[in-house]
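Trainee: below are the sequence and a predicted model; questions follow.
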Amino acid sequence: MNRSSRLTAHSSKLIKFMKEIVENRLNVNRRHFLGKAAVGIGSLALGSLLVPDLFSGKTDEAGLPLGLPHFAPKARRIIYLFQNGAPSQLESFDYKPALIQMAGQDLPESIRGGQRLTGMTSGQKSFPLVGSKFAFQQYGASGAWISELFPHIASIADDICIVRSMHTEAINHDPALTFMQTGAQQGNRPSMGAWLSYGLGSENQNLPAFCVLLSRGKGNGQGVYSKLWSNGFLDATHQGVLFSSGDNPILYLNDRDGVDRRAMLDKLSELNHLGFEESGDPEITAKIAQYEMAYRMQTAVPELTDLSREPDHIIKMYGPECLVPGTYAANALLARKLSESGVRFVQLYHQGWDQHDNLPGEMVGQARDVDRASAALIKDLKQRGLLDETLVIWGGEFGRTNYCQGNFTKDNYGRDHHPRAYSIWMAGGGVKPGVVYGETDELGYNIVKDPVHINDFHATVLQLCGLDHEKLVYKHLGRRYRLTDVAGKVVPGIIA
């Protein structure tokens with residue numbers, strides 16, 4: 001073979017070798033591309049499952065996508081055990097032995113400081129101090145003082161954070177309750193649950209993001225009303241869904257005989273879409289979404305609300321009343337099931353805490369209603385591994401005075417409204433367990449350490465859920481609204 005032939009053969013081998021390299025690189029690139037594409041598509045699918053609203057295309061006023069937290073959340077869901085009417089902190093979690101020693105003495109003006117009075121005590125000539133009739137003991141590693149009225153809550157002292165320095169601005173129930181629930185004393189503002197639904201969306205497409213449960217004790221009660229779970233100016237899809245206290249928690253959920261609800265909804269949807277094309281009203285699309293949610297709830301709700309299927313040890317934990325629809329115990333157990341199923345915000349209201357007189361008699365019954373089931377909820381969530389990601393809140397709209405309203409006797413007394421200082425407790429969801437935060441003076445009238453305003457409370461709850469309260473904004477009538485309005489500071493002292 002001559003030199004020319006050898007070069008030709010060598011060139012052919014080199015070309016073949018280079019072709020193999022190029023083809024190999026192309027094959028590698030294809031594999032990489034397809035592999036990465038598969039991972040990407042899988043990630044998108046996983047994202048849509050974990051955050052169903054992620055690809056809705058909606059953003060908040062800060063331009064951030066709705067359905068995603070602003071940063072890593074500690075709590076994914078909230079159960080709010082609201083004690084409507086304002087339970088007395090002096091008979092529950094803020095022990096003041098000085099009040100017992102000074103019983104009957106008039107409240108010093110230097111302590112009261114000219115605070116506004118309600119119309120119920122403004123005519124009193126004196127304000128006799130009154131201590132709690134009930135004994136207190138210390139519990140848990142923190143030595144938290146807890147009343148004998150709450151032995152079951154005392155058993156979870158190492159799991160809860162007692163905040164003794166809450167304060168508000170309103171002195172009457174309606175504005176105080178509305179303020180606590182919506183961040184404003186007037187109506188037509190979104191409630192806490194609506195804001196959470198707006199910011200984080202739903203975890204379960206077959207259930208609402210925000211559910212409301214009502215119960216009533218035998219004590220003097222204050223009413224609750226739909227503005228407390230309103231969506232305000234947010235889309236109607238964020239409004240709380242009220243469950244009935246009867247045997248059928250959701251009325252009209254099942255089809256009537258001979259009615260094809262699916263076909264009816266399809267026709268109704270066609271009409272609504274025509275209406276939307278003509279008017280452009282976003283409330284129409286919100287209504288369509290609500291109708292579809294109601295249809296999907298037909299399969300999810302009946303099994304979810306059947307508490308009789310719970311095992312015996314769970315029934316024993318919550319108490320036999322949990323099998324009676326509409327009781328606090330039943331609602332606490334249902335709250336756990338709803339939260340476990342992905343409901344973002346479950347709001348309970350237990351009425352009957354407005355003890356202006358006969359406080360010792362009425363508060364015994366109120367505490368008996370809620371003590372066992374409240375503690376059972378914490379223990380139940382904990383044993384299921386859900387407490388770390390579920391924030392539980394217990395408390396009312398304001399506190400009670402350290403002086404007696406009306407006639408004062410050794411065995412009977414009442415307490416008026418007191419916005420300057422009261423107690424709540426929180427558990428799970430990134431809250432420091434087993435601590436007592438804040439402090440009031442020796443007479444329990446004024447806060448002397450670590451005050452927590454309602455706006456601060458709201459800012460902290462949003463922070464625990466991964467939301468910056470200054471960025472969770474909605475523009476309405478030319479103004480940017482927040483749950484915390486123009487105030488609020490996160491309270492780091494209660495965050496783990």
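Mentor: Arrived safely, thanks for sending.
Trainee: so who does the closest residue to residue 388 other than its chain neighbours touch?
Mentor: Of all residues not flanking residue 388 in the chain, residue 428 sits nearest, at 6.3 Å (CB to CB, 6 or more residues apart in numbering). Every residue, glycine included, has its C-beta placed from N, CA and C. Residues near residue 428 by CB atoms under 8 Å, 6 or more residues apart in numbering: 75, 159, 378, 381, 382, 386, 387, 388, 389, 390, 391, 392.
Trainee: what's the spacing between residue 428 and residue 130?
Mentor: 35 Å (CB to CB, to the nearest Å).
Trainee: repeat that for residue 350.
Mentor: The gap separating residue 350 from residue 130 is 25 Å, by CB to CB.
Trainee: with residue 429 instead?
Mentor: 36 Å.
Trainee: pLDDT value on residue 119, please?
Mentor: As predicted, residue 119 sits at a pLDDT of 90.
Trainee: residue 350 and residue 370 touch, don't they?
Mentor: Yes - in this structure, residue 350 is within contact of residue 370 by CB atoms under 8 Å, at 5.9 Å.
Trainee: which neighbours do the two have in common?
Mentor: Common neighbours of residue 350 and residue 370 (CB under 8 Å, 6+ apart) are 81, 83, 217, 328.
Trainee: which one of those residues is nearest residue 460?
Mentor: For the shared contacts of residue 350 and residue 370, the minimum distance to residue 460 (CB to CB) is 17.1 Å, reached by residue 81.
Trainee: does the closest one belong to a helix or a strand, and which?
Mentor: Using DSSP states H and E, residue 81 sits within strand 77-84.
Trainee: give me the mean pLDDT for that strand.
Mentor: 98.
Trainee: check which helices and strands it sits against.
Mentor: When contacts are defined as 3 or more CB pairs under 8 Å, 6 or more residues apart in numbering; DSSP states H and E, strand 77-84 sits against helix 173-182, helix 192-200, helix 328-340, strand 345-351, helix 359-383, strand 390-395.
Trainee: of these, give the one that comes closest to residue 447.
Mentor: Residue 447 lies closest to strand 390-395 among those, at 15.3 Å (CB to CB).
Trainee: report all helices and strands that the very next helix or strand once past that closest one contacts.
Mentor: For strand 390-395, the following helix or strand on the C-terminal side (DSSP H and E) is strand 399-404. When contacts are defined as 3+ CB pairs under 8 Å, 6+ apart, strand 399-404 packs onto strand 415-418, strand 422-427.
Trainee: turn these into a markdown table, columns for distance to residue 486, mean neighbour count and mean pLDDT.
Mentor: Below are the helices and strands packed on strand 399-404 laid out as a markdown table (distance: least, CB to CB, whole Å; neighbours: other CB atoms under 10 Å; pLDDT from 0 to 100):
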| stretch | distance to residue 486 | mean neighbour count | mean pLDDT |
| --- | --- | --- | --- |
| strand 415-418 | 26 | 24 | 97 |
| strand 422-427 | 23 | 27 | 98 |
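Trainee: dump these to a markdown table, plus distance to residue 114.
Mentor: Listed next are the helices and strands packed on strand 399-404 as a markdown table, based on distance: least, CB to CB, whole Å:
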| stretch | distance to residue 114 |
| --- | --- |
| strand 415-418 | 15 |
| strand 422-427 | 20 |
